[in-house]
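**Q** This is a predicted model, with the sequence first.
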Amino acid sequence: MSRILITCAITGSIHTPSMSPHLPVTAEEIARQSIAAAEAGAAILHLHARDPETGRPSSDPAHFMAFLPRIKQASGAVLNITTGGSATMTLDERLAAPIRAEPEMCSLNMGSMNFALYPAAERVTEWQHDWEKPFLETSDDLVFKNTPRDIAGILRQLGQERGARFEFECYDVGHLYMLRHFADRGLVAPPFFIQFVFGVLGGIGPDPENLTHMKTIADKLFGDSYMFSVLAAGRHQLPMVTMAAAMGGHVRVGLEDNLMIARGQLAPGNAAQVDKIRRIVEALGREVASPGDARQMLGLKGADRTAI
């Protein structure tokens, strides 16, 4: 099997500070945990920003630039900046930071969808900040918007104009067909790095049969011109990413996707999850890819050609 890419999603925009004291919020915390995750074996770091005072998801380029240069200087990892931000943000807000940073890589959600976070509010009894509970509860009437026009604009602005490659986040089978559509239009070229996303309420469920089905359809649509990775929400993270590794795919872990390291035990940080999955994939006979391997495998432009 080929070398395996480990992506670590450091903080995201789903979990809130009251859910774990280990969720990184400030620039210092995000930088420190990112560097530790890279040292543990993550070749790619998927990055969101937060308001350092409240922990609320932020689209402010200044919040991103408070940690991006520090991570770049201290690690060779590929910095993958979100274009999804949060479903509460406008498209212009979501794109402000990646346009400013011109990174090697960005995430791209391949369609509009329900993004229902509200069940998580039932599991929290004490809130640190006033924004957290309504942020979660009002997601029962919230749609994440990424129309075909939105996606085309992102591909042009960040891909064609700024040279970024993409982590294509596919939350359901239809998203694979949407990616094929944009490939047929000539807006994106192989190799395609496709992130199968399981377990978000509004997307495909975290069933092993769904992973098999997603790969079958991706094989049909993209042949040998793609690589797949898997992320799964919450307790489904480890079983699903282990299955992906055994199938020859790549893996994503991190506190954006799962706050736990074991049943009933909060992860002390992102590096702990990277270390755990690294030990598992190496036991399966996979060799962990370096950041240099990642750049070669994904055809990235190089860290020296970013604005970070």
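**A** Arrived safely. Numbers count the residues shown, from 1 in each chain.

**Q** Run through the strands of this structure in chain order.
**A** Using DSSP state E, the strands of the chain run over residues 6-9, 44-47, 49-50, 57-58, 78-81, 105-109, 113-114, 143-144, 165-170, 192-198, 226-232, 250-253, 260-262, 265-266.

**Q** Make a markdown table from these and add mean neighbour count and distance to Thr90 to it.
**A** The way it works is simple: take the backbone N, C-alpha and C, and place the C-beta from them, glycine included. Conversion of those to a markdown table gives the following (neighbours: other C-beta atoms under 10 Å; distance: least, C-beta to C-beta, whole Å):
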| stretch | mean neighbour count | distance to Thr90 |
| --- | --- | --- |
| strand 6-9 | 29 | 22 |
| strand 44-47 | 28 | 20 |
| strand 49-50 | 26 | 16 |
| strand 57-58 | 23 | 13 |
| strand 78-81 | 26 | 17 |
| strand 105-109 | 26 | 15 |
| strand 113-114 | 18 | 17 |
| strand 143-144 | 16 | 12 |
| strand 165-170 | 25 | 19 |
| strand 192-198 | 26 | 22 |
| strand 226-232 | 23 | 25 |
| strand 250-253 | 28 | 26 |
| strand 260-262 | 15 | 32 |
| strand 265-266 | 13 | 33 |
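
**Q** want to try CSV for those, with mean pLDDT as columns?
**A** CSV is the format used below for the strands of the chain (pLDDT from 0 to 100):
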stretch, mean pLDDT
strand 6-9, 98
strand 44-47, 98
strand 49-50, 98
strand 57-58, 98
strand 78-81, 98
strand 105-109, 98
strand 113-114, 96
strand 143-144, 96
strand 165-170, 98
strand 192-198, 98
strand 226-232, 98
strand 250-253, 98
strand 260-262, 97
strand 265-266, 98
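
**Q** Turn these into CSV, including distance to Asn210.
**A** Conversion of the strands of the chain to CSV gives the following (distance: least, C-beta to C-beta, whole Å):
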stretch, distance to Asn210
strand 6-9, 20
strand 44-47, 22
strand 49-50, 31
strand 57-58, 27
strand 78-81, 24
strand 105-109, 18
strand 113-114, 15
strand 143-144, 20
strand 165-170, 11
strand 192-198, 6
strand 226-232, 10
strand 250-253, 16
strand 260-262, 22
strand 265-266, 27
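
**Q** Tell me which of those sits nearest to Asp207.
**A** Closest approach to Asp207 among those is made by strand 192-198 (7.8 Å; C-beta to C-beta).
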